[in-house]
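Undergrad: below is the sequence, then the predicted model.
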Amino acid sequence: MPDQGVGYFFSINTSSAGGGLDEINKLLFDYVTGGIASPPRPQRTPPSDDIEEWVGFYEPTALRALPRFAELLVEGVSMYVRGGKLFRRPMIAGAQEMIPIGAHLFRTEKEPAASAVFTVGDVGERVMVTAFTPLIPVPIYFEKTPAFWPITRFILIILAILTIATSVLFAFIWIPRKLLGGMKGVGHLSVRMLPLLAGLAFVPFMFVLVTASAAPYELARPDLKTITIYVASVAFAILSVLATAFAIRSFRFQMHRAVRIHSMFVSFACLGLTWYMAYWGLIGLRTWAPW
């Protein structure tokens, strides 16, 4: 804080949540700022006349290499005006009022300073740079874009994941029945089994990839995590294709119509996710190899 003549820096050699980073930071901050009065929050100013120009959907464009498929999917932000006030609504969070405190500068009710700024890019695009404190204190760069495809893509991915989850729930019914002899004479179990196996392969792939993305340096060598990502992604793609092929072939079989329709939906959901993952280079991803 230059005006107060104080400041501090510290580093820690772990990114673990239990490494004490937040605790150390709080102790240092409290010590350095002891006796210093908190600065007043910037007061609300009248909204600028061009506030409607910033209304719309904003998509992050400065994405990290590995988790960009997820960041692009869930980090979109809608800006809208209601009652003369500007609001920010992230894809997976509630709306917040953005209080104007200067020319194109905004903060939320709980923030002590501006956390969002609007401007125009080199080719005339509308740009927003904002942080979501305290969850994401680092500013993120957004550009205004038509909302149809980002929102449609988000809905399709969520529906695909929920559809795949139904195959696992369905398995809790038919597998015990099969083991207990309650499905005698029921054939073509591959139509049920392949979508289930594809869904089960998707779970460890996404879990390990998303958790490991928080510490990218852990992906730099072949080990249990990185090999799981590679094997599970390839298995998911192969099983998704096979499940779709068997679901289409099932029209030649004598089987329950509801089972056929359900397998078709799950298979197409798996195939759609396979396409999305392949687009981002996640199928057969070897994180330890040069990209």
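TA: Happy to help now that I have it.
Undergrad: next one: residue 150 from residue 78, what distance?
TA: Distance of residue 150 to residue 78, computed by C-beta to C-beta, to the nearest Å: 10 Å. C-beta coordinates here come from the backbone N, C-alpha and C atoms, glycine included.
Undergrad: do the same with residue 269
TA: Going from residue 269 to residue 78 by C-beta to C-beta gives 26 Å.
Undergrad: just residue 49 next, same as before
TA: Residue 49 is 22 Å from residue 78, by C-beta to C-beta.
Undergrad: that older thread, so residue 269 and residue 78 - more neighbours on which side?
TA: residue 269 (28 against 17; other C-beta atoms under 10 Å).
Undergrad: these two touch, right, the more buried one and residue 166?
TA: No: using C-beta atoms under 8 Å, residue 269 makes no contact with residue 166, being 9.2 Å away.
Undergrad: which parts of the stretch 51-200 of the chain are helices?
TA: Ranges of helices in the stretch 51-200 of the chain, per DSSP state H, counting those that start in this stretch, are 68-74, 148-179, 190-213.
Undergrad: residue 228: which of these is closest?
TA: helix 190-213 (5.0 Å; C-beta to C-beta).
Undergrad: now do the closest one: distance to the chain's middle.
TA: Centre-to-centre, helix 190-213 and its host chain are 17 Å apart (C-alpha atoms, centre = their mean, to the nearest Å).
Undergrad: tally of neighbours for residue 118?
TA: Counted with other C-beta under 10 Å, residue 118 comes out at 24.
Undergrad: over to residue 218?
TA: 15.
Undergrad: same check on residue 106?
TA: Applying other C-beta under 10 Å, I find that residue 106 has 28 neighbouring residues.
Undergrad: mind checking how far the spatially closest residue to it that is not a sequence neighbour is from residue 125?
TA: Spatially, and ignoring its direct neighbours in sequence, residue 106 is nearest to residue 98 (3.9 Å; C-beta to C-beta, 6 or more residues apart in numbering). Residue 98 sits 20 Å away from residue 125 when distances are taken as C-beta to C-beta.
Undergrad: touching, residue 263 and residue 247? I think so.
TA: Yes: counting by C-beta under 8 Å, residue 263 does reach residue 247; the two are 4.6 Å apart.
Undergrad: shared neighbours of those two, anything?
TA: 191, 195 (C-beta atoms under 8 Å, 6 or more residues apart in numbering).
Undergrad: what's the single longest strand in the protein?
TA: strand 136-145 (DSSP state E).
Undergrad: and that one, what does it pack onto?
TA: Contact here means 3 or more C-beta pairs under 8 Å, 6 or more residues apart in numbering; DSSP states H and E; on that basis strand 136-145 packs against strand 56-60, strand 126-132.
Undergrad: if you set the cut-off to 10 Å instead, what comes out?
TA: Judged by 3 or more C-beta pairs under 10 Å, 6 or more residues apart in numbering; DSSP states H and E, strand 136-145 is in contact with strand 56-60, strand 77-82, strand 116-120, strand 126-132.
Undergrad: and of those, who's closest to residue 277?
TA: strand 56-60 (19.1 Å).
Undergrad: pLDDT of that closest one, averaged?
TA: Computed over strand 56-60, the mean pLDDT rounds to 92.
Undergrad: what secondary structure does residue 245 sit in?
TA: Three-state call for residue 245 (DSSP: H, G, I helix; E, B strand; the rest coil): helix.
Undergrad: tell me which residues of stretch 111-129 are tucked away?
TA: 111, 114, 115, 116, 118, 126, 127, 128 (16 or more other C-beta atoms under 10 Å).
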